[in-house]
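Asks: Provide a 3D model corresponding to the input given below.
(one chain, ligands or ions: 2)
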Amino acid sequence: MLFKGGGLPHESLALQEKLFGAGPDYNFMTRIERFKNSLVRVQHFIRCCARYNLHDHADKKWFEGVAFPNEVSVLGPHSGMFIPTLKEQGSEEQIQKWVPQAEKHQIMGTYIQTELGHGTFVRGLETTATYDPKTEEFILNSPTLTSIKWWPGGLGRTCNFGIVMALLYIDGKNYGMHPFVVQLRSLKTHEPLPGLTMGDIGPKFGFDTVDNGYLQFNHFGIPRENMLMKYCQVLKNGTYTKQTRNPKFSYGAMIFVRSMVVYEVAGQGLAKACTIAIRYSAIRRQSELKKSRPEPQILDYQTQQYKLFPLLALAYAVWFTGVRMKEIYFMVNNEIKQGHTERLPELHAISSGLKAFTTSMASWGIERCRLACGGHGYSAASGLPKIYVNATGGCTYEGENTVMLLQCARFLMNIYGGVKNGRRPSGSVNYLGERISSRCTLTSEFTLKSLADAFKHRAARMIKEASERLNRLQASGNDPEDSWNLNSVVLTKAAEAHCHYYMVLVFESVVESVEDNCVKDILRQLCQLLALCGIQENSGDFIQDGFLNNDQLELVKQKQLSLLSEIRPNAVLLVDAFEFHDVQLGSILGRFDGNVYENLFKWAKKTPLNKPEDLIHRLLR
Ligand SMILES: CC(C)(COP(=O)(O)OP(=O)(O)OC[C@H]1O[C@@H](n2cnc3c(N)ncnc32)[C@H](O)[C@@H]1OP(=O)(O)O)[C@@H](O)C(=O)NCCC(=O)NCCSC(=O)CCCC(=O)O
Ligand SMILES: Cc1cc2nc3c(=O)[nH]c(=O)nc-3n(C[C@H](O)[C@H](O)[C@H](O)COP(=O)(O)OP(=O)(O)OC[C@H]3O[C@@H](n4cnc5c(N)ncnc54)[C@H](O)[C@@H]3O)c2cc1C
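Replies: Residues are numbered from 1 along each chain as shown. Ligands and ions are numbered 1, 2, ... in the order given. I've put the predicted structure just below:
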């Protein structure tokens with residue numbers, strides 16, 4: 001219950017559906033077969049949503065976890081971006097018009113922003129939407145090769161609608177980026193509408209089940225009513241009006257997805273990889289620890305524990321942080337709806353920072369899990385390659401990770417500058433208003449508070465130094481933009497330190513909230529391990545200013561190693577606690593029943609290369 005909360009009933013419902021989990025093995029399919037197979041499950045999922053009355057995003061997500069294990073379905077952009085953008089940026093009439101159809105899947109939409117030439121630099125996008133008061137239409141156009149829309153999920157073949165981000169022009173004046181609802185395909189024939197050139201962008205590293213697409217507009221007209229008009233309006237005569245609200249509201253969909261990615265992509269992906277690697281390490285026996293004794297489980301090797309247990313601790317930390325991130329999103333979003341926008345910059349900063357920090361850590365962690373499984377980890381039967389290729393996409397989509405860290409750093413610099421001018425920070429950055437202690441209080445007890453304080457110190461110092469360096473660069477004659485660029489490595493590291501502290505703090509608060517003493521003790525060990533590994537891996541950051549001394553660093557190392565033995569007896573239980581069903585793991589190595597070898601053999605025999613095939617046979621004969 002620590003993990004699943006309200007999710008279990010929906011998972012159980014999904015597991016009863018024969019179509020999910022059965023059928024041909026994903027690993028033996030071509031990309032087209034994977035895509036078709038996913039579409040069949042999408043259609044069944046849609047029927048299930050109607051049958052079980054699933055409307056809520058979270059409920060659907062639990063169901064999707066079983067329907068589309070470790071893969072991304074074309075429903076992702078529909079329910080994760082198309083519908084939320086309609087709801088957040090549409091006027092009441094627009095919401096009434098499109099949301100019910102979208103929720104019933106009568107129309108399928110995606111979020112069409114990125115272009116061939118620009119993804120990161122949203123202000124550099126080139127697609128235009130020019131208002132024509134005579135026809136009361138916006139004319140969408142792709143004026144250059146680089147302005148062709150590129151990447152949107154589901155655009156290639158599936159979606160018949162999309163929200164297109166385009167530059168609004170009225171009477172020759174550029175009003176900046178705005179969202180437009182655009183019908184892309186005929187609802188009868190599913191053919192692209194005249195004036196649109198569209199298709200799939202081709203095979204990718206992962207995301208095989210999604211038709212990420214391209215779209216070129218050739219002076220394509222849409223009604224005036226199709227610009228999302230909650231915050232800005234274009235009247236019939238071409239008059240432009242806007243509420244005196246933050247112009248960044250049109251970036252709301254990105255904040256939503258970034259907030260969800262922490263849990264849904266990084267948290268889930270790493271937890272699954274740890275489940276597979278740790279279960280398998282308890283099954284796999286190799287070599288000798290002691291002469292003439294049975295081969296040990298590889299999980300008994302300290303080096304194996306040193307590889308996997310810090311990742312297990314990280315998986316718990318990212319999971320808890322993801323849950324917290326979602327709560328913060330909904331809380332701040334509610335405040336914004338009531339007109340209180342004060343915390344939008346903080347939400348943007350923390351969601352950008354955590355999205356980047358956790359997806360990078362998870363991506364690195366999943367690959368480490370794979371390596372820890374030896375040869376069988378390299379086989380698709382381990383399930384790990386599929387988890388990796390899909391989860392690592394999270395480092396790029398929804399804001400490339402370095403760019404996101406720099407957004408977080410920008411906020412931290414603003415806050416730190418404010419503190420220097422006497423302003424009091426609050427929320428996730430309130431510690432920037434505290435005095436930084438010069439010596440670390442860590443003792444061999446390693447209380448969670450003292451560990452969190454060490455991360456606080458590191459973050460506060462690195463933010464301070466990044467800010468001072470920025471000022472020095474400017475004082476020595478560089479303009480603000482060059483100073484920023486010349487300082488950007490330091491800035492990303494400061495943002496990472498901030499996110500790291502936040503994650504340790506969240507984990508600490510979860511441990512403190514647990515009432516069962518036994519569970520609390522085990523979670524405390526994991527939290528300690530997470531923090532100690534963080535200190536060791538970044539030890540330079542902690543000793544640079546004399547905060548941590550050599551003796552303390554030695555204590556850190558000793559405690560880390562003793563924790564490995566303390567965690568060992570509970571390791572398998574700790575991954576079982578994530579409660580992933582075999583269908584969700586998609587891994588022979590990670591099977592709950594541990595029957596690995598027999599099933600590996602069965603699986604290999606089924607591989608298509610073993611089937612009689614004329615051409616191969618002829619070539620080899
Ligand atoms: C990098 C930025 C943030 C830069 O934007 P900019 O307008 O040039 O801003 P700036 O000059 O750096 O800053 C100006 C100011 O705008 C703020 N800001 C920036 N973004 C937001 C936001 N979302 N909410 C609230 N505030 C925001 C910044 O913090 C700045 O504030 P400040 O001036 O410092 O007070 C932007 O271009 C951006 O978000 N790029 C990333 C593009 C992206 O994430 N694309 C996603 C496409 S959809 C996708 O990938 C879906 C995949 C999902 C799937 O398949 O599952
Ligand atoms: C699987 C997947 C699904 C996607 N789905 C969608 C979708 O549904 N809809 C959609 O619109 N888009 C989608 N995208 C596009 C995605 O949002 C962009 O690829 C992403 O925002 C990164 O932009 P880019 O490709 O322009 O990278 P680039 O910005 O070209 O990044 C390349 C390098 O340049 C660096 N860089 C760029 N700008 C800066 C800077 N200011 N400072 C420092 N370094 C910088 C980056 O750090 C990176 O190392 C998807 C992408 C993927 C991979």
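
Asks: For the residue of the stretch 51-200 of the chain found nearest ligand 1, grab the count of nearby residues.
Replies: Closest to ligand 1 within the stretch 51-200 of the chain is Val122: 3.5 Å, counting by C-beta to the nearest ligand atom. The way it works is simple: take the backbone N, C-alpha and C, and place the C-beta from them, glycine included. Counted by other C-beta atoms under 10 Å, the residues lying close to Val122 total 17.

Asks: Quick check: it touching Met177?
Replies: Yes. In terms of C-beta atoms under 8 Å, Val122 counts as a neighbour of Met177; the distance is 6.2 Å.

Asks: shared neighbours of those two, which are they?
Replies: Shared contacts of Val122 and Met177, defined by C-beta atoms under 8 Å, 6 or more residues apart in numbering, are found at Met165.

Asks: Neighbours of the residue lying closest to Arg439 once chain neighbours are set aside, how many?
Replies: Nearest residue to Arg439, sequence neighbours excluded (C-beta to C-beta, 6 or more residues apart in numbering): Phe547, at 6.7 Å. Neighbours of Phe547 under the rule other C-beta under 10 Å: 19.

Asks: Mind listing residues that contact stretch 530-545?
Replies: 310, 313-314, 316-317, 438, 440, 446, 448, 451-452, 454-455, 457-458, 461-462, 493, 497, 500, 503-504, 507, 548-550, 553, 556-557, 559-560, 563.

Asks: Okay, buried residues for it please.
Replies: 530-535, 538, 541-543 (16 or more other C-beta atoms under 10 Å).

Asks: Which residues does stretch 21-40 contact?
Replies: Outside of stretch 21-40, the residues within contact range by C-beta under 8 Å, 6+ apart are 15, 19, 66, 68-69, 71, 73-74, 157-158, 203, 208-211, 380-381, 386, 583, 586, 603, 606-608.

Asks: Buried residues in that stretch, which are they?
Replies: Using 16+ other C-beta under 10 Å as the test for burial, stretch 21-40 gives 21, 26-27, 29, 34-35, 37-39.

Asks: And that stretch, how far out from the chain middle?
Replies: With C-alpha atoms, centre = their mean, to the nearest Å as the basis, stretch 21-40 stands 24 Å off its chain's centre.

Asks: same thing with stretch 249-267?
Replies: Relative to its parent chain, stretch 249-267 has a centroid offset of 7 Å by C-alpha atoms, centre = their mean.

Asks: quick one: the closest residue to ligand 2 within the stretch 1-150 of the chain from Trp151, how far?
Replies: Ligand 2 sits closest to Gly119 of the stretch 1-150 of the chain, with a gap of 2.4 Å, by C-beta to the nearest ligand atom. Applying C-beta to C-beta, to the nearest Å, the value for Gly119 to Trp151 is 7 Å.

Asks: As a check, name the ranges of all helices in the stretch 151-300 of the chain.
Replies: Counting by DSSP state H, counting those that start in this stretch, the stretch 151-300 of the chain has these helices, from start to end: 252-261, 268-283.

Asks: out of the ones you listed, nearest to ligand 1?
Replies: helix 252-261 (4.6 Å).

Asks: Give me the residues contacting that closest one.
Replies: With C-beta under 8 Å, 6+ apart as the test, helix 252-261 has contacts from 80-81, 84-85, 88-89, 111, 163, 325-326, 328-329, 333, 347-348, 351-352, 354-355, 358-359, 394, 398-399, 404.

Asks: Could you list which of those residues belong to helices?
Replies: Using DSSP state H, the members of these that fall in helices are 84-85, 88-89, 325-326, 328-329, 333, 347-348, 351-352, 354-355, 358-359, 404.

Asks: ok, what's across the strand from Lys149?
Replies: Taking DSSP bridges as the rule, Lys149 bridges to Glu115, Leu215.

Asks: so it touches Ile201, yeah?
Replies: No. Lys149 is beyond contact range of Ile201, at 10.1 Å (criterion: C-beta under 8 Å).

Asks: what is in contact with those two at once?
Replies: Counting by C-beta under 8 Å, 6+ apart, the residues touching both Lys149 and Ile201 are 213-214.

Asks: on that earlier part again, so the residue nearest to Arg439 makes contact with Cys440?
Replies: Yes. Between Phe547 and Cys440 there is a contact under C-beta under 8 Å: 4.9 Å.

Asks: what sits in contact with each of the two?
Replies: Joint contacts of Phe547 and Cys440 (C-beta under 8 Å, 6+ apart) are 454, 457.

Asks: Contacts for stretch 420-429 next, please.
Replies: Taking C-beta under 8 Å, 6+ apart as the rule, stretch 420-429 contacts 343, 346, 349-350, 411-412, 415, 418-419, 430-433, 467, 498, 502.

Asks: top of those residues by neighbour count?
Replies: Counting neighbours by other C-beta under 10 Å, His498 leads these with 31 neighbours.

Asks: show me what contacts that residue?
Replies: 353, 408, 412, 429, 459, 463.

Asks: For the fourth one, report the pLDDT, please.
Replies: At Val429, the model reports a pLDDT of 97.

Asks: Skipping adjacent residues, who's closest to Val323 in space?
Replies: Distance criterion C-beta to C-beta, 6+ apart; nearest residue to Val323, sequence neighbours excluded, is Tyr263 at 5.9 Å.

Asks: Tell me the pLDDT of Phe3.
Replies: At Phe3, the model reports a pLDDT of 59.

Asks: Please disregard the earlier target; I meant Gly6.
Replies: Reading off the confidence values, Gly6 has pLDDT 52.

Asks: Equivalent analysis for Gly21, please.
Replies: Gly21 is assigned 74 on the pLDDT scale.

Asks: tell me which element it falls in.
Replies: Assigned by DSSP states H and E, Gly21 belongs to no helix or strand.

Asks: start to end distance for stretch 222-242?
Replies: End-to-end distance for stretch 222-242: 21 Å, by C-alpha to C-alpha, to the nearest Å.

Asks: If you count neighbours, what's buried in that stretch?
Replies: Across stretch 222-242, burial judged by 16+ other C-beta under 10 Å covers 222, 224, 226-232, 234.

Asks: Could you do stretch 351-371 as well?
Replies: By neighbour count with 16+ other C-beta under 10 Å, stretch 351-371 contains the buried residues 351-363, 365-370.

Asks: same thing with stretch 377-386?
Replies: 377, 379-386.
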